[in-house]
Every structure is written in C-alpha cells, then in structure tokens.
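# Sequence and predicted structure below; questions after.
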Amino acid sequence: MKFKGRYSMSKASLQKINCSLLYLFIIAFVLLGCPTDAQPKIHDHVIVYEVFIQSFCDSNGDGIGDLPGLISKLDYIKDLGATAIWISPVHPSPSYHKYDVIDYYAIHPDYGTMADMDRLIKEVHQRGMELLLDLVINHTSSEHPWFIQSASSSDNPYRDYYVWKDYQTVQDEINKKTTTFDSDNLTQWHKWKEGEEHYYGFFWKGMPDLNFDNPKVRKEVYKIGKYWLEKGIDGFRLDAARHIFPDDRFDDTRQFWEEFRSEMASVKPDVLLVGEVWSDPGALVTLFKGLPSLFNFELTKAIPDCINGSNPMEFIDSYAHIDSVYRTSTAPFEDALLLCNHDMNRIRSRLDGDIAKSKLAASILLTLPGTPYIYNGEEIGMLGMKPDENNREPFLWGGAAGAGEDTHWMKPKYSVVPDVTPLELQKADPNSIYNYYKKWISLRRDHPEIASGKLEFLKMESPVILAYTLSGASEKYLVLHNLSANSVTISIPDKSKILSYDKIIITDNKFNIEAYSTILFQNKQD
C-alpha cells in the first residue's frame, strides 16, 4: 500500500472547494496543497496516550507508579478516547526512568511482575486498545550482564557487543561532542576503570552503546523484540532510533531499521513502529521503509510558536517545508504528532502557563492528519520545565476517588495545586482542559476523515486566523483557529454545520471567534 502524491501543490483542488462553503470569505486561496488523495492509514484512526509509569498511578502506597496502578486506570484512558497506550520502559534498571536496561526479559520489581505485565496486555486488548512498549536497544545499562562481561577482558566473547577503542585512537574525539536535541552529554568515549581502553556511550557513561556491526548483537535485539510481540505487545516506540550507528553512517542506520521491521513483521505483520529521530525532514524521509512512523518534532515546535506569536505563518511555513520533503517518499508512512513528551518541556509551560493557549494547542493537534500522541497529564494542564525530572512529575488524580493513587517518588516543582487542578475536580467542570481534550478527541474519532483527509491551508482576511480544509471521500471540514488574544469577526460559511466551537456569538450571519479558540465546520462533499 502506497500513498499517492502524499504532498503536492494543486490549484485545481481549490476550484473544487464548494463555493457555498467559502464564498463569504473575502480572501481565501490555497497557500499549500497537501495530499492529492485522502490518505490510507497504516493503523486506522489511532490516538496514542503516553504513560510514564513511574509517575502515573501507585497501587500499593510505596509512592512509585506501577503496572497494577496503570491497569486500574485503563478505563480512564479509554474513556478519554485513546485507542492505544505507549508505556515507558518496564525493565530492571538502576535509574528512575528505566532507559538503561539491565534485563530485557524481566519487569522492574518497583513496577510489578511479569504476571502483572501479562494482565496489562490482556486488559488493554479486552478494551479494544493497543499497547506499545518503549524499547531501548541503542544502548544498555553499564550494569547489564553483557557489558559486565564485555568489560572484563579484551578476549571475552561479549567484548564486541560494545564498541571499545584504545585511548590513542579516540583521544581527539573524547571532548569534541556537541549537545544535540536529544542529549546534553559532551563526552561520548568513556574510560573504564584504570585501563587505557575507552567504550562508546552517546548519552553518558552509564549507557554504553551496543555494537550493531556485530551480527550477534542484531540477533539478540531481534530476539528481544519478537519475545515481546509474542507476548502480545502490539508495537514499539523505538528510543534513540537515530543513533544505531554514528551520524556519518546514517545509511547503515536506515538499513538496520529496515531489517528490524522485517524481523518483527515475521511475528506480527501489522506491528506498529514509531521512531524517535531528532533530525531534519531530509533524513527522516529516508527511514520510512523501516520506521513507517516518526515523531514530527518540527511541528511540536511550530504549534506553540504560532500561538505565542499569533502568527499562522509560523506553522504554515514549517508544515510546507516538511511536506516538500515528505512527498518524495515512496514508502507509506504516518505522521506521529505530539505537543510534548517525557523528554520535553510541558506544552502548557511553553505557552506561558496559559490554559486557553493550551486548549488551542490541543485543538490544533487533534485536527491534523496523522496520529496524535498525548502525554499523560497534558490533558489536565500539567506544567514542567527541564531538567527532565520536572517534566515527569506525578499525575494529579486528587479527590477522594484518587486518594493514595498519586505517586510521590519525587517532590513536584511545577505541577502542584492550585497551579494544576487535579483530575477529579476537572471532571466536574465542563470548561476544564480535561473536558476540552475529551471533546476534541471524541470529534476526531467520530469523524475519521479528519485524521486521513487531504489538508489545504487557506489565507484569511484576518492575519491571526490559522485556517485549513480537510477533505475526505464523503466529507469536507473547515478548521479555524484564532491564534490571538482578541476576538475576530468572521462570516458564517453557507450550508455548513458547526461541529464544535468555543465561545462564539452569532449575529446577522457573522460570528465572533473568541481569543485562542477553534471552530470546526463540516460540509458534505459534492
């Protein structure tokens, strides 16, 4: 299955826009044509909810989130509208975040048991949802048995599971690494005890990189992935997917992921794979054959930028740049869209703590083609700024129903009452950000052509309105986002049904679209 002309300029497509829908707009013309056809999806209509287990829900009072706690909240996640769950790493690890694995075939005792994991898989599937495991294979913990063996002697059978070089070879490279979007570590070659040999670890000395030039390592990694798929996991979020080989061997990284996908598909043909690759679109597009979904970090930046600047072009220019590259892909792919995750500043904090702006960011996310990822706590307006721990603060359940469920493995700095309202109180408030997320997720699920339709931007008379149409086989949508702190008066499109709106007053076929609000119109295709 291939996407046909996923991104292409089409003036003719503007002419096909139903005049009755747009005739009252004084200036409306296509700035950017996107797909020429409605898009077939690799995984239809997925909405993914990311759970950082450590901070999510505590079932036993030890202050640490765990698998039984997550199981107890599956109905909450389903009721929110998610169709899939991405969980952070669950394996034994010396760190709180578990991105440095000691044993890929076990569950960290703080999180539960393998029986708990089996039950989680079963309970997720019983609710009609999918489960993605965060798989960390670029590196292991320095406490992993493979590394301990590798470091023990130069002739150990596991020596080549990692990359070792003598000091003379790497001395000029030791302190030349620069910070990247995904790492602030400045040293990639690390001294082992008092020996002269150094090992390679892109992120830090406690995370030695595996040597993927070694066929035995690749075989081990495929075995790990297949083990979890056979257990019932539906797919993987693939951590640090860019760094399998150094950047000057990016083509080798591409070939590895194609081989990885083929191996996983031998167990589960429809395996869901989403990769974390912090790079430019030109690099991403080469990976789609092996990683059919990649996080769109450029749009993650563009959404708050356009809101903070009240400037639609901040978003449109970024989208246009990505489109111009992605349309060259010959492989099917799915945009993985997100506002933030556990490695990034919380979206509300990036929007000055403003709830109205945060709601607007959510409605932009949820009216774009692709697969949206929602980070736990985003839907209740949690706050957080780096370092990373502050973006992983405990979820605020609150209220009698949430008593004892809030984790307390760390003392929160940002997401505290009253700055963040606990979930139980938000449920009772129809104007809460939680109910806002729930409404827009429901609209997206009720109208699947939003997720898979053709997107075309429009330039409006007002310079603060981000506007675009989404066209499917049977329905057409017009989406208007007011990016400013002031209301804007707009004419009502003829013969259109307003599906959702925020604070509009209709007078004489005109309405005011209030500050930081969104309106979604529906019109049947001719």
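Looks like it came in fine.
# can you map out the helices along the stretch 201-350 of the chain?
Assigned by DSSP state H, counting those that start in this stretch, the helices in the stretch 201-350 of the chain fall at 215-231, 250-265, 281-284, 297-308, 312-326, 347-350.
# How far does the last one sit from its chain's centre?
Going back to what we said before, that points to helix 347-350. 15 Å (C-alpha atoms, centre = their mean, to the nearest Å).
# Give the next helix or strand downstream of it.
Next helix or strand after helix 347-350 toward the C-terminus (DSSP states H and E): helix 355-365.
# how about that next one as CSV, C-alpha atoms only?
Once non-C-alpha atoms are left out, helix 355-365 reads as follows in CSV (Å, rounded to 0.1, in the frame of the first residue of the first chain):
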residue,chain,number,x,y,z
ILE,A,355,-4.9,27.3,29.9
ALA,A,356,-6.6,29.0,26.9
LYS,A,357,-3.5,28.7,24.8
SER,A,358,-3.1,25.1,25.9
LYS,A,359,-6.6,24.3,24.8
LEU,A,360,-5.9,25.8,21.4
ALA,A,361,-2.7,23.8,21.0
ALA,A,362,-4.8,20.7,21.7
SER,A,363,-7.4,21.5,19.1
ILE,A,364,-4.7,22.2,16.5
LEU,A,365,-3.1,18.8,17.3
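# Tell me which other helices or strands that helix touches.
helix 297-308, helix 347-350, helix 433-446, strand 475-482, strand 518-524 (3 or more C-beta pairs under 8 Å, 6 or more residues apart in numbering; DSSP states H and E). From N, CA and C alone the C-beta is placed, and that goes for glycine too.
# Identify, out of the ones you listed, the most deeply packed stretch.
With neighbours defined as mean count of other C-beta atoms under 10 Å, the helices and strands packed on helix 355-365 peak in mean count at helix 347-350, which reaches a mean of 26.
# Measure how buried residue 251 is and give me the count.
Residue 251 is flanked by 10 other residues according to other C-beta atoms under 10 Å.
# show me what contacts the residue nearest to it when sequence neighbours are not counted?
Nearest residue to residue 251 in three dimensions, chain neighbours excluded: residue 286, at 7.9 Å (C-beta to C-beta, 6 or more residues apart in numbering). If you count contacts by C-beta atoms under 8 Å, 6 or more residues apart in numbering, residue 286 has them with 250-251, 254.
# swap in residue 103?
Residue 103 neighbours (C-beta under 8 Å, 6+ apart): 91-92, 144-145.
# could those residues be laid out in TSV, adding secondary structure, pLDDT and neighbour count?
What follows is these, written out as TSV (DSSP: H, G, I helix; E, B strand; the rest coil; pLDDT from 0 to 100; neighbours: other C-beta atoms under 10 Å):
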residue	secondary structure	pLDDT	neighbour count
91	coil	99	24
92	coil	99	20
144	coil	99	25
145	helix	99	12
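# Nearest to residue 232 among the residues you listed?
Ranked by distance to residue 232 (C-beta to C-beta), those are led by residue 91 at 16.7 Å.
# Would you mind measuring from that closest one to residue 134?
Per C-beta to C-beta, to the nearest Å, residue 91 is found 10 Å from residue 134.
# now residue 112
16 Å.
# Excluding chain neighbours, give the residue nearest to residue 405 in space.
Counting by C-beta to C-beta, 6+ apart, residue 405 lies nearest to residue 397, which is 4.7 Å off, once chain neighbours are set aside.
# can you confirm the one you found is in a helix?
No. Residue 397 sits outside any helix when classified using DSSP: H, G, I helix; E, B strand; the rest coil, being coil.
# Quick check: it vs residue 437, distance?
Remark: distance between residue 397 and residue 437 (C-beta to C-beta) = 16 Å.
# Quickly list the domain ranges of this structure.
According to automatic domain parsing, the chain comprises the domains 11-39+453-524, 48-141+211-446, 145-200.
# Those domains: lowest mean pLDDT?
Here the domains of the chain differ in mean pLDDT, and the lowest is domain 11-39+453-524 at a mean of 71.
# sorry, back to before: and the residue nearest to residue 251, how close does it get to residue 280?
In terms of C-beta to C-beta, residue 286 sits 11 Å off from residue 280.
# how much space between the nearest residue to residue 222 once chain neighbours are set aside and residue 270?
Nearest residue to residue 222 in three dimensions, chain neighbours excluded: residue 263, at 4.3 Å (C-beta to C-beta, 6+ apart). Distance, residue 263 to residue 270, by C-beta to C-beta: 15 Å.
# what's the offset of stretch 142-149 from the middle of its chain?
With C-alpha atoms, centre = their mean, you get 31 Å for stretch 142-149.
# For residue 136, give me its contacts.
89, 99-101, 239-240.
# Ignore what I typed, I meant residue 56.
Going by C-beta under 8 Å, 6+ apart, residue 56 touches 65, 69-70, 73, 376, 395, 407.
# burial measure for the nearest residue to it once chain neighbours are set aside, as a count.
Among residues not flanking residue 56 along the chain, residue 65 sits closest, at 4.2 Å (C-beta to C-beta, 6+ apart). By other C-beta under 10 Å, the residues close to residue 65 number 28.
# right, and residue 65 touches residue 71 too?
No. The criterion here is C-beta atoms under 8 Å, and residue 65 misses it with residue 71 at 11.5 Å.
# What backbone torsions are found at residue 119?
Per-residue torsions, residue 119: phi -70, psi -40 (degrees, to the nearest 10).
# Excluding covalently adjacent residues, which one is nearest to it?
If the residues on either side of it in the chain are set aside, residue 119 comes closest to residue 71, at 6.3 Å by C-beta to C-beta, 6+ apart.
# before we move on, what about residue 190?
residue 205 (4.0 Å).
# so how far is residue 156 from that neighbour?
Residue 205 is 19 Å from residue 156, by C-beta to C-beta.
# Could you pull up the residues touching residue 162?
146-147, 150, 199-200, 208-211.
# Same list (these) but as a markdown table, adding distance to residue 217 and neighbour count.
Shown next, in a markdown table, are the contacts of residue 162 (distance: C-beta to C-beta, whole Å; neighbours: other C-beta atoms under 10 Å):
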| residue | distance to residue 217 | neighbour count |
| --- | --- | --- |
| 146 | 9 | 18 |
| 147 | 12 | 24 |
| 150 | 11 | 26 |
| 199 | 14 | 22 |
| 200 | 13 | 19 |
| 208 | 12 | 28 |
| 209 | 10 | 21 |
| 210 | 5 | 23 |
| 211 | 6 | 19 |
